[in-house]
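>>> Kindly generate the corresponding structure for this input.
(one chain, ligands or ions: 1)
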Amino acid sequence: MQHPPLDSIRNIGIISHIDAGKTTVSERILFYTGETHKIGEVHDGEAVMDWMPQEQERGITITSTATVCRWGAWWINLIDTPGHIDFTIEVERSLRALDGAVAIFSAVEGVQPQSESVWRQADRYQVPRICFINKMDRVGADYRETLRQMEEKLGARPALLQLPVGVEASFSGVVDLIAGEFLTFSEADQGRTVERHPIPAEIAGEAMAAREELIEAAADFDDAILADFLDGTAIAAERIRAAIRKGTIACRIVPVFLGTALRNKGIQPLLDAVAAYLPSPRDIPPATGQRPDGEAVDSLPCDPVGPLCALAFKVQADEGRKLTYLRIYSGTVKAGGALWNSNRGCFEKAARLFRMHAHKREQIDEALAGDIVAAIGLKEVLTGDTLCDPAHKVLLAGLTVPEPVVALAVEPKGVDDRDKLLPALEKLQWEDPTFRVHEDEETGQTILTGMGELHLEVVTDRLGREFGVQVKTGRPQVVYRETITRAAERQEVFRTEFEGKVQGGEVHLRLAPLHRGEGVRIVVPPAEVLGITRELHAALTESLTRGASTGCVTGYPLTDLEVRVTAVPVEAGITTETGVRAAAGRGLMHAARNGAPTLLEPLMDLEIITPTEYAGKVLGSVQQKRGRVEGISSQGNTEAIRALVPLAEMFGYMTELRSATKGRGSFTMEFSRFDQAPVSVLQQFGLA
Ligand SMILES: Nc1nc2c(ncn2[C@@H]2O[C@H](COP(=O)(O)OP(=O)(O)OP(=O)(O)O)[C@@H](O)[C@H]2O)c(=O)[nH]1
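This is a model prediction of the structure:
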């Protein structure tokens with residue numbers, strides 16, 4: 001079995017605005033690297049990367065898929081990322097797994113709002129990028145304008161590495177400014193043959209000037225280049241490439257390439273650029289994490305002989321089983337070997353390992369640090385889990401799974417749907433840790449919770465399309481949290497008589513409020529200290545944990561409080577597990593009621609991009625929604641407004657913003673924290 005040498009691996013994603021051509025580019029990459037034998041076109045519904053039925057129907061990409069392809073000596077793991085930032089966890093997990101990205105812009109539309117949002121996310125994760133300006137064949141193509149927008153809207157520093165020859169319909173190829181060649185792509189074999197020619201005389205002058213500009217940019221990352229440039233000494237192509245690579249990996253410069261994926265021009269130079277300028281797993285900072293005792297692990301070097309540590313960045317339902325995509329940060333994963341799942345606290349087995357190709361799976365025995373592979377056999381794993389060597393337990397830092405904040409009741413439409421609903425929901429949960437399901441104890445309804453309206457809309461859509469389950473849905477609701485505002489105590493005694501035998505339990509509890517964001521802390525002293533058996537101890541802990549998740553007054557989960565067990569008096573012959581469980585559950589409920597309970601509501605970090613002319617109107621509506629504006633920044637003729645807003649006010653905002661900005665505004669929203677709910681909400685629950 002062949003392992004990719006570490007330095008030859010490129011784990012990359014393609015990011016772009018919807019319709020900029022991400023899928024069309026990916027299809028060419030698979031074709032030219034020999035992964036597919038035919039180009040599947042998006043408009044024919046045949047693209048390989050868009051495998052889900054609704055992706056093929058709509059011609060858009062919703063979930064990420066990872067596939068490996070070989071380009072010369074290079075192994076490229078291509079991670080197809082979603083263009084919709086609303087699926088935060090999708091974007092987040094892709095960004096975690098990849099080391100570099102290709103950003104695609106359309107030469108006609110330029111930098112569109114969605115690309116701005118994804119670009120900023122990539123900035124946040126310090127992902128090195130190169131850029132491909134696509135659709136150079138279309139009427140109105142203007143790559144200079146796109147470069148200008150990259151500077152102005154994205155604050156990026158583009159470095160143009162090519163010049164186009166011909167415009168729009170007569171676009172015939174590109175000049176490679178570093179190699180000093182004109183490249184064309186043979187129409188006879190769908191662009192497979194790249195022909196190299198001297199630079200056409202009519203653009204020789206322009207190419208010379210552009211090359212000088214490029215060398216000046218490269219000189220910022222290599223002082224020797226600057227000296228030679230000033231002296232007029234010739235600078236070898238390799239030195240220029242090395243300097244640009246350094247600047248790219250440091251996220252200080254973005255090399256730009258041109259082409260038209262649909263007309264099969266410019267893809268091979270882009271693949272060369274992935275190899276030349278984007279980092280190998282060794283070029284990026286090592287992963288970090290923490291040990292079970294909370295001690296930080298500063299770095300997990302990308303070393304195949306180190307202790308194993310991998311991130312399950314995607315779990316997919318595959319013929320009823322879990323197919324888990326692993327990004328290996330350190331060590332070696334072996335097929336059949338035991339792994340420790342740090343998030344679930346259990347052993348797992350990767351029975352079989354695969355390298356995922358576009359159309360087929362290649363079974364492998366092991367996979368090394370730096371690589372991306374898929375595994376079958378892991379049973380408990382969920383997206384975002386850390387898998388590691390049982391002798392070196394570690395939890396990777398970073399992939400924080402936000403708490404669901406929107407709830408939606410669903411009801412099966414027919415009898416058939418009733419039977420299929422829960423199994424289908426379970427599979428959807430494997431894939432998406434931000435999506436959860438529970439039953440409302442009072443109404444018996446199935447409640448879905450997730451990150452937002454659109455998130456749950458996609459889930460219900462997938463239920464129908466992929467699992468054939470039709471459901472009726474209610475209106476989206478906010479998921480509140482319950483907490484207490486003062487300390488409270490309770491000594492709860494439970495007694496019952498069953499078949500003439502008295503059984504019971506007694507539990508003494510003390511509750512205290514915690515700071516916002518601290519969550520629930522359940523403190524049960526060890527069994528020996530309380531003078532109870534291990535069985536009673538386990539029953540007590542379980543009952544308190546369960547009680548905290550269902551709340552006391554409103555049924556919403558408790559948060560930001562400490563529940564401390566102070567005593568568990570035992571009466572011989574009377575105290576039982578059932579009795580202690582009941583006493584603990586009731587005791588928690590009564591204590592919380594005595595603690596002046598209140599509700600907390602989810603607040604969201606909102607970012608709106610709007611043309612300046614509508615900014616006043618948009619700001620006004622944010623304030624009306626109890627929003628707190630936290631910053632406004634201008635980029636050319638658009639404004640980026642950042643605000644903290646209660647989620648309860650944000651249902652249907654997409655439609656509202658579109659109409660307020662004539663369709664030109666866009667927004668992204670992420671959960672921030674829980675904070676005091678307003679009196680109107682407290683009144684609804686009889687708390688004010
Ligand atoms: N003229 C022209 N059309 C192109 C080019 N590249 C892609 N297209 C067309 O643009 C449309 C969108 O392309 P896609 O590849 O689906 O874009 P995408 O970025 O993957 O879109 P999402 O999957 O929705 O995120 C399709 O109809 C393509 O055929 C190009 O270079 N020139």
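>>> The chain - how does it break down into domains?
When the chain is parsed into structural domains using automatic domain parsing, the resulting residue ranges are 6-277, 287-396, 406-479, 482-595, 600-684.
>>> roughly how far out does the last one sit from the chain middle?
Read that as domain 600-684. 22 Å (CA atoms, centre = their mean, to the nearest Å).
>>> Mind checking the pLDDT average for that domain?
If you average the pLDDT over domain 600-684, you get 90.
>>> Also stretch 441-450?
Rounded mean pLDDT across stretch 441-450 is 85.
>>> Can you tell me what sits against it?
Residues from elsewhere that reach stretch 441-450 (CB atoms under 8 Å, 6 or more residues apart in numbering): 404-411, 421-422, 425, 432, 434-440, 456, 459-460, 474, 479, 550, 555. Yep, even glycine has a C-beta here, placed from its N, CA and C like the rest.
>>> tell me the centre residue of this structure?
By CA atoms, centre = their mean, the chain has its centre lying nearest to residue 92, at 2.1 Å.
>>> that's a helix at it, yeah?
Yes. Per DSSP: H, G, I helix; E, B strand; the rest coil, residue 92 lies within a helix segment.
>>> Just the buried positions in the helix or strand hosting residue 566, please.
Using DSSP states H and E, residue 566 sits in strand 561-567. Within strand 561-567, the residues that qualify as buried are 561-565, counting by 16 or more other CB atoms under 10 Å.
>>> Distance from that strand to the middle of the chain?
Distance of strand 561-567 from the chain centroid (CA atoms, centre = their mean) equals 36 Å.
>>> which strands and helices sit next to it?
Contact partners of strand 561-567 among helices and strands, from 3 or more CB pairs under 8 Å, 6 or more residues apart in numbering; DSSP states H and E: strand 501-513, strand 520-523, helix 534-550, helix 577-594.
>>> Can you pull up the residues of the stretch 101-250 of the chain that come close to the ligand?
134-135, 137-138 (CB under 6 Å from any ligand atom).
>>> Closest to residue 99 out of those?
Of all these, residue 99 sits closest to residue 134, with 22.4 Å by CB to CB.
>>> Could I get the phi/psi values of residue 360?
Note on residue 360: backbone dihedrals following degrees, to the nearest 10 are phi -140, psi 170.
>>> How about residue 453?
phi -60, psi -50.
>>> who's in contact with it?
Going by CB under 8 Å, 6+ apart, the list of residues near residue 453 reads 406, 476, 651-652, 654.
>>> quick check, nearest of those residues to residue 589?
Set against residue 589, the nearest of these by CB to CB is residue 406 (26.2 Å).
>>> Distance check, the closest one against residue 668.
Taking CB to CB, to the nearest Å as the measure, residue 406 falls 15 Å from residue 668.
>>> so what's residue 287 closest to, chain neighbours aside?
Closest residue in space to residue 287, ignoring its immediate chain neighbours: residue 329 at 4.2 Å, by CB to CB, 6 or more residues apart in numbering.
>>> Validate this expectation: the one you found resides in a helix.
No. Applying three-state DSSP, one finds residue 329 to be strand, outside a helix.
>>> burial of it, as a residue count?
By other CB atoms under 10 Å, the residues close to residue 329 number 26.
>>> What pLDDT is listed against it?
94.
>>> With residue 124 as the reference, measure out to it.
Residue 329 is 20 Å from residue 124, by CB to CB.
>>> What of residue 427?
As for residue 427, its distance to residue 124 is 31 Å (criterion: CB to CB).
>>> Compare those two (neighbour count), which wins?
Ranked by neighbour count (other CB under 10 Å), residue 427 and residue 124 place residue 427 first, with 18 against 10.
>>> Now that one. Nearest residue, chain neighbours left out?
residue 317 (4.0 Å).
>>> pretty sure that neighbour is touching residue 431, no?
Yes. Using CB atoms under 8 Å, residue 317 makes contact with residue 431 at a distance of 6.7 Å.
>>> higher neighbour count, those two?
The residue with more neighbours, out of residue 317 and residue 431, is residue 431; 20 against 17, by other CB under 10 Å.
>>> so what's that one up against?
Listed by CB under 8 Å, 6+ apart, the contact set of residue 431 reads 63, 314-317, 383.
>>> If we only consider those, which is nearest to the ligand?
Taking CB to the nearest ligand atom as the measure, residue 63 is the one of the contacts of residue 431 closest to the ligand, at 10.9 Å.
>>> what about the helices in the stretch 151-300 of the chain?
Here the stretch 151-300 of the chain has its helices, by DSSP state H, counting those that start in this stretch, at 204-219, 223-231, 237-249, 267-277.
>>> could I get those as JSON lines with mean pLDDT?
Shown next, in JSON lines, are the helices of the stretch 151-300 of the chain (pLDDT from 0 to 100):
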{"stretch": "helix 204-219", "mean pLDDT": "95"}
{"stretch": "helix 223-231", "mean pLDDT": "89"}
{"stretch": "helix 237-249", "mean pLDDT": "96"}
{"stretch": "helix 267-277", "mean pLDDT": "97"}
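>>> Any idea how many residues pack against the nearest residue to residue 356 once chain neighbours are set aside?
Nearest residue to residue 356 in three dimensions, chain neighbours excluded: residue 374, at 5.0 Å (CB to CB, 6+ apart). Neighbour count for residue 374, taken as other CB under 10 Å: 22.
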